[in-house]
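Trainee: Any chance you could fold what I've pasted below:
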Amino acid sequence: MSSLASSAEIWAGALVFTRIGAIILLLPGIGETYVPIRLRLTLALLLTVCILPIAMPSLPPMPAAIDGLAGYIIKEAAIGLMIGGLLRMFVATLTTAGELVSLQTTLSFAQTANPTQAQPTTSLSTFLMIVGTALIFDTDLHRMFIVAMVHSYTLFPTAHALPLGDAEALAAQTVAKTFALGLQLAAPVVVFSLVFNLAVGLIGRAMPQFQIFFVATPLSLLLGLSLFALTLGTIGLVWSRAYGEFLQVFT
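Mentor: Below you'll find the model as predicted:
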C-alpha cells in the first residue's frame, strides 16, 4: 500500500469510510435490506474517494497507540449512525400517517411485508413508504444526503468530543416532528372519520333497529380510501418539502 498511498492517507481514508459507510447503512432508499451489500459498499468507497480531499484537512493525525486508533474509529461510526438514524427517523412520518389512515378506514388488520422495514406493516403504510422512497430520488433529495455527508465534518469534527447532548435533543425534536407531521398528513381522513362516526352514532341512536354496522363499514372504507386517494398528491408534496427543510439542518 505504501506505493499507492502514504500511511496518513490510508488512515484518513479509513476514518472517512467508517463515517460514510455508517451513514449509508441507514440512509432511506439506499440503505434498505433489499439493496445488495456489494452495491452499498461500492457506493461507500466511491463517496469516500470523492469526500476524502475535502475532509482531510479536518482529520486528526494517526495516533501511535492502538487504543487511539480504535477510539477514533468508534467515534466516526457513532457519528455516522447518528446522522443516518436521524435521516431515517424522519421517514417514519409516512408510516405514522399510513397507520392513522388504516385505523380510520378499518384496514389496520391488513398487513403487508414492508421492504423498507424488518417487520410487516399495514398496506397503506407500506404503500406510503414506497412512495416516499420514490420521491426522495425523483425530487433530488438524495443529493442532499451527499451534501450532508460533506458538511458533517464541519458540524461534527473528528477531533472534537461526541455531541451526545445535541444528538439527544435533535432526536427528540425529530420524533416530535415525525408524529406531528404524520398526523397532519392523515388529518383529512381523521377528520372525515370523526364526522362520519358521529353521524353514524346519531343514526344508530335514532333508529336502534337499523343494522348500522353493515352499512357504515363499507361506506367508511370506500369514502375514506377515496379521500386518501384525492389527497395523495398533497401528502407527497408536503412530505417532500418538509423532508427537504429537515435536511437543511445537516447542510
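
Trainee: Assign Q184 to helix, strand or coil.
Mentor: Q184 carries the three-state label helix when classified by DSSP: H, G, I helix; E, B strand; the rest coil.

Trainee: Do I have it right that it meets V238?
Mentor: Yes: taking Cβ atoms under 8 Å as the definition, Q184 is a contact partner of V238 at 7.4 Å. Bear in mind the C-beta positions are built from the backbone N, C-alpha and C, glycine included.

Trainee: can you map out the helices along the stretch 1-150 of the chain?
Mentor: With DSSP state H, counting those that start in this stretch, the ranges of helices along the stretch 1-150 of the chain come out as 7-26, 37-55, 66-104, 123-138, 141-155.

Trainee: and V175, which of those is closest to it?
Mentor: Nearest of the helices of the stretch 1-150 of the chain to V175, taken as Cβ to Cβ: helix 66-104 at 6.8 Å.

Trainee: I'd like to know which elements the closest one is packed against.
Mentor: Packing contacts for helix 66-104, counted by 3 or more Cβ pairs under 8 Å, 6 or more residues apart in numbering; DSSP states H and E, involve helix 7-26, strand 121-122, helix 123-138, helix 141-155, helix 164-185, helix 187-206, helix 212-230, helix 232-247.

Trainee: Select, out of the ones you listed, the one closest to G80.
Mentor: Of all these, helix 7-26 sits nearest to G80, with 2.7 Å by Cβ to Cβ.

Trainee: Could you check the angle the closest one makes with helix 141-155?
Mentor: With axes from the mean of the first three to the mean of the last three Cα atoms, to 10 degrees applied, the angle from helix 7-26 to helix 141-155 works out at 130 degrees.

Trainee: What is helix 7-26 packed up against?
Mentor: Using 3+ Cβ pairs under 8 Å, 6+ apart, the elements in contact with helix 7-26 are helix 37-55, helix 66-104, helix 141-155.

Trainee: Mind putting these into a markdown table with mean neighbour count, distance to V190 and mean pLDDT?
Mentor: As requested, the helices and strands packed on helix 7-26 are exported to a markdown table (neighbours: other Cβ atoms under 10 Å; distance: least, Cβ to Cβ, whole Å; pLDDT from 0 to 100):
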| stretch | mean neighbour count | distance to V190 | mean pLDDT |
| --- | --- | --- | --- |
| helix 37-55 | 15 | 37 | 91 |
| helix 66-104 | 20 | 6 | 88 |
| helix 141-155 | 17 | 27 | 89 |
